[in-house]
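S.K.: Starting from these lines, generate the structure:
(one chain, ligands or ions: 2)
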Amino acid sequence: MAGTSTPTPEAFPGIPKIRFEGPTTKNMLAFRHYNADALVEGRPMRDHLRFAVAYWHTFRGTGSDPFGAPTMLRPWETHGNVLTAAMDRVEVAFEFMEKLGVGFYCFHDRDVAPEGNTLSESHSHLDAVTESLKRHQDASGIQLLWGTANLFSNPRYVHGAATSPQADVFAYAAAQVKKALDVTHRLGGAGYVFWGGREGYQCLWNTDMKREVDHLAKFMHMAVDYAKEIGFTGQFYFEPKPREPTKHQYDFDCATCINFLRTYGLEKHVKMNIETNHATLAGHEMQHELEYAGMQGFLGSIDANTGDPLVGWDTDQFPTNIYLTTQIMYTILKYGGLAPGGVNFDAKVRRESFEPVDLFYAHIGGMDAFARGLTIAAAMRADGAIQKLLEERYASWSSPLGKRIESGSETFRSLEKEMLVKGEADACRSGRQELFENVINTYF
Ligand code: XUL
Ligand code: CO
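M.R.: Ligands and ions are numbered 1, 2, ... in the order given. This next block holds a predicted model:
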């Protein structure tokens, strides 16, 4: 059990603490750009980025895919009692996170503790692992960015959880989320995420959509009420994803989610957790999703990853594209940052990268890509060239007519009168897309 097991040997022998060595280092187990203490816009990089490791991919990912068996070499994965394995894995996780130097992690209840034969056995497994997580958090200073519940793997959730056609499945999911909130609270979690694993449909003929979406809202209200009851003040997040595993998920994209939250009176309690690969599946750019959430006041946290342009599913690869991370960080800075959210690597090493050291390469690359994105975005903001071009494009809105329209003192009638006199609008000006893109490239 917990405190009584013999200490496990190092899981990553020979891998030292990862340090910032600067862009010219030859050491691939070092940061070239992520310098946690370096100030950007007056704040340390660590506070802008609030990096988190995703327990499910990094410590539970096996490398299996729809065509093949697990490939990951994880020497610490014992074949003993599942709870013992879960306890040992906590040691591995904290060794990894301490060596990497991240401040946060995220988990689903069932990633950290095995499901038991009954709900009460599952609860007690989770309690045991939670106490170990708590001890490791206290010893290392690493914090929980957010917790969540896995409401999609177990066959009971075949038709969804909060949107299941069966009331007792809804009730079971409620019991599971109640417990997940308890442990997130116990661990001082800064947030709690809802991602609708199977909250959607495969066939509209057998689906009462109105009823299902009403139930989802009821479920989230129960969570908000329970959080208040236990004094959990962490931020709730809704994570959009348009499809996969269902063909349509009710949390399709930011616009859909925000409409849902407002329709059901949840808008004061829930913000968005936005994931790059999910934006891609929705037919949006990540920057679009961030901008949409930001302009509506719903920007909360991000799941950092990327898809593959030639593979159609949610491949959740580590982000290495600096253009992408620059777009992300530019928009995040524009809307005042992420805290209490952060940058959670909801990303997995690819099936072919099966050695433990690959977990380090993957996270180091992702962290450096975000650090680069952050510094480039800050340079763009300091310089102001893009902002100036943008202001020029909208300059007519600062003219007397533009100001009168924006302030609400014009009507269709008054505008018709004005245009009948003028006869034609001023000549349109070029959008200068290539110029914008060229200016952006000057920062790289
Ligand atoms: C699935 C996904 C989830 C959520 C948390 O695509 O992104 O792991 O981030 O449930
Ligand atoms: Co995610």
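S.K.: interface residues of the stretch 101-250 of the chain facing ligand 2?
M.R.: Applying Cβ under 5 Å from the ion, one finds that the stretch 101-250 of the chain does not approach ligand 2 at all. Where C-beta positions appear, they are placed from N, C-alpha and C, glycine not excepted.
S.K.: distance of the residue nearest in space to the middle of the chain from Gly341?
M.R.: Among the residues of the chain, the one closest to the centroid is Asp303, at 2.3 Å (Cα atoms, centre = their mean). According to Cβ to Cβ, to the nearest Å, Asp303 and Gly341 sit 10 Å apart.
S.K.: overlap in contacts of these two?
M.R.: Jointly contacting Asp303 and Gly341 under the rule Cβ atoms under 8 Å, 6 or more residues apart in numbering are Asn273.
S.K.: Just the buried residues of stretch 230-245, please?
M.R.: Phe232, Gly234, Gln235, Phe236, Tyr237, Phe238, Glu239, Pro240, Lys241, Pro242 (16 or more other Cβ atoms under 10 Å).
S.K.: meant to ask about stretch 176-190
M.R.: Per 16+ other Cβ under 10 Å, stretch 176-190 contains these buried residues: 176-187, 189-190.
S.K.: ok, that stretch near ligand 1 or not?
M.R.: No. Counting by Cβ under 6 Å from any ligand atom, ligand 1 has no neighbours in stretch 176-190; the shortest distance is 10.8 Å.
S.K.: quick one: average confidence on that stretch?
M.R.: Averaged over stretch 176-190, pLDDT sits at 98.
S.K.: Can you list the neighbours in contact with that stretch?
M.R.: 104, 108-109, 119, 122-123, 126-127, 130, 133-134, 137, 143-149, 151, 192, 219, 223, 226-227, 230-232, 234-235, 340-342.
S.K.: Those residues: which ones sit near ligand 1?
M.R.: Among those, the residues that sit close to ligand 1 (Cβ under 6 Å from any ligand atom) are His108, Thr148.
S.K.: Mind checking which of the contacts of stretch 176-190 are buried?
M.R.: Neighbour counting with 16+ other Cβ under 10 Å marks 104, 108-109, 122-123, 126, 130, 133, 137, 143-149, 151, 192, 219, 223, 226-227, 232, 234-235, 340-342 as buried within the contacts of stretch 176-190.
S.K.: that older thread, tell me which residues form a beta bridge with the residue nearest to the centre of the chain?
M.R.: Bridge pairing for Asp303 (DSSP bridges) gives the partners Glu275, Asn344.
S.K.: State the distance from it to ligand 2.
M.R.: 4 Å (Cβ to the ion, to the nearest Å).
S.K.: In this structure that residue contacts Asn273, no?
M.R.: Yes. Using Cβ atoms under 8 Å, Asp303 is in contact with Asn273, at 6.2 Å.
S.K.: Report the distance from stretch 92-106 to the chain centre.
M.R.: Distance of stretch 92-106 from the chain centroid (Cα atoms, centre = their mean, to the nearest Å) equals 17 Å.
S.K.: re earlier: just name the closest of the buried residues of stretch 230-245 to ligand 2, please.
M.R.: Looking at the buried residues of stretch 230-245 and their distance to ligand 2, the nearest is Glu239, at 5.4 Å (Cβ to the ion).
S.K.: Phi, psi for that closest one please.
M.R.: Note on Glu239: backbone dihedrals following degrees, to the nearest 10 are phi -110, psi 110.
S.K.: tell me the contacts of it?
M.R.: When contacts are counted by Cβ under 8 Å, 6+ apart, Glu239 is found next to Val193, Phe194, Trp195, Asp251, Met272, Asn273, Ile274, Glu275, His278, Asp303.
S.K.: Now, those residues that are in strands?
M.R.: Counting by DSSP state E, the contacts of Glu239 place Val193, Phe194, Met272, Asn273, Ile274, Glu275, Asp303 in strands.
S.K.: Spatially nearest residue to the residue of the stretch 151-300 of the chain found nearest ligand 1 (excluding sequence neighbours)?
M.R.: For the stretch 151-300 of the chain, the residue closest to ligand 1 is Trp195, as judged by Cβ to the nearest ligand atom, at 3.6 Å. Among residues not flanking Trp195 along the chain, Glu239 sits closest, at 4.0 Å (Cβ to Cβ, 6 or more residues apart in numbering).
S.K.: State the pLDDT value of that neighbour.
M.R.: So Glu239 comes in at 98 (pLDDT).
S.K.: just the one 3 residues further on next, same as before
M.R.: Pro242 is assigned a predicted lDDT (pLDDT) of 98.
S.K.: Ligand 1 contacts on the stretch 201-350 of the chain?
M.R.: Checking the stretch 201-350 of the chain against ligand 1 by Cβ under 6 Å from any ligand atom, the hits are Glu239, Lys241, Glu275, Asp303, Asp314, Asp346.
S.K.: Much appreciated, bye for now.
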